[in-house]
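Predicted structure and sequence below. I'll ask about it afterward.
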Amino acid sequence: MAKSRLDKAREEAEIAQTKAREEATIASIKAEAAGRARGLTVGTAFGGTTEIAMRGNDGRYVYSLLQPVEVIELIHQLSANVGCHLKLLPRHDFASWRDWKVTEEELSHFRGNQPLPGMGHPPHVNDMAPHKDEGGGVLPAPENQKGVPIALKGEENVMAIEEAVNKRSSQ
């Protein structure tokens, strides 16, 4: 059976639509890939600022300069994204940014101490606290654990001894 002109025209239109959809999909994938970063670099820009550089697929770079407060906000946002709570405290060494001034009260708060219940902010959440008693406590000594060979149990000074080995002749 020969196809009518109308059927041929429909098939050609469907093929053209399919090709157009494929080309549009490829173009959107390329456009999306052009906007994605392939590499991330973090470094100092001096004066307490942090520089974040992202390299795109096409080799172009995008830079961002962040103040210390913005860096801390970014750290908290990243940790919240993966479901973590972070305790942050400035380091007390030459690598720290110099203008961190931590009072004894803030340091005590960071460590989770409160002078009076309900005073100030609560300490950081310890998500593992409800599970602290799980697992049966302290492990027994290695010689009392399952899987240790019976020959080793109870022997105080186990050491290797030299035994004759059947050596092959070189002939």
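Thanks, I have the structure now. Everything numeric here is computed off the predicted structure, so don't read it as measured data.

Next, the buried residues of stretch 18-28.
Residues of stretch 18-28 include none that count as buried (16 or more other C-beta atoms under 10 Å). The way it works is simple: take the backbone N, C-alpha and C, and place the C-beta from them, glycine included.

residue ranges for the strands of the chain, please.
Per DSSP state E, the chain carries strands over the ranges 37-44, 50-56, 61-66.

Burial check on Val42, number of neighbours?
11 (other C-beta atoms under 10 Å).

what's the answer for Leu78, then?
Number of residues near Leu78 (other C-beta under 10 Å) recorded here: 11.

try Arg60
9.

Next: the one 10 residues further on.
Using other C-beta under 10 Å, the number of residues around Glu70 comes to 14.

Pull up the gap between it and Thr50, please.
8 Å (C-beta to C-beta, to the nearest Å).

Quick one: the helices in this protein, in order.
With helices called from DSSP state H, the chain shows them at 5-34, 68-81, 104-110.

Which elements pack onto the longest one?
Put plainly, it is helix 5-34. Using 3 or more C-beta pairs under 8 Å, 6 or more residues apart in numbering; DSSP states H and E, no helix or strand is in contact with helix 5-34.

now the angle between strand 50-56 and that helix, please.
With axes from the mean of the first three to the mean of the last three C-alpha atoms, to 10 degrees applied, the angle from helix 5-34 to strand 50-56 works out at 150 degrees.

For helix 5-34, what does the pLDDT average out to?
Helix 5-34 shows a mean pLDDT of 90.

Using CSV, write out the CA atom coordinates for the helix or strand bottoming out on mean pLDDT in the chain.
For the chain, the helix or strand with the lowest mean confidence is helix 104-110, at a mean of 73 (criterion: mean pLDDT, DSSP states H and E). The C-alpha coordinates for helix 104-110 follow below in CSV (Å, rounded to 0.1, in the frame of the first residue of the first chain):
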residue,chain,number,x,y,z
GLU,A,104,35.5,34.3,78.8
GLU,A,105,31.7,34.3,78.8
GLU,A,106,31.5,33.5,75.1
LEU,A,107,34.1,30.9,75.5
SER,A,108,32.2,29.3,78.4
HIS,A,109,29.0,29.4,76.3
PHE,A,110,30.8,27.8,73.4
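
Sweet, I'm off.
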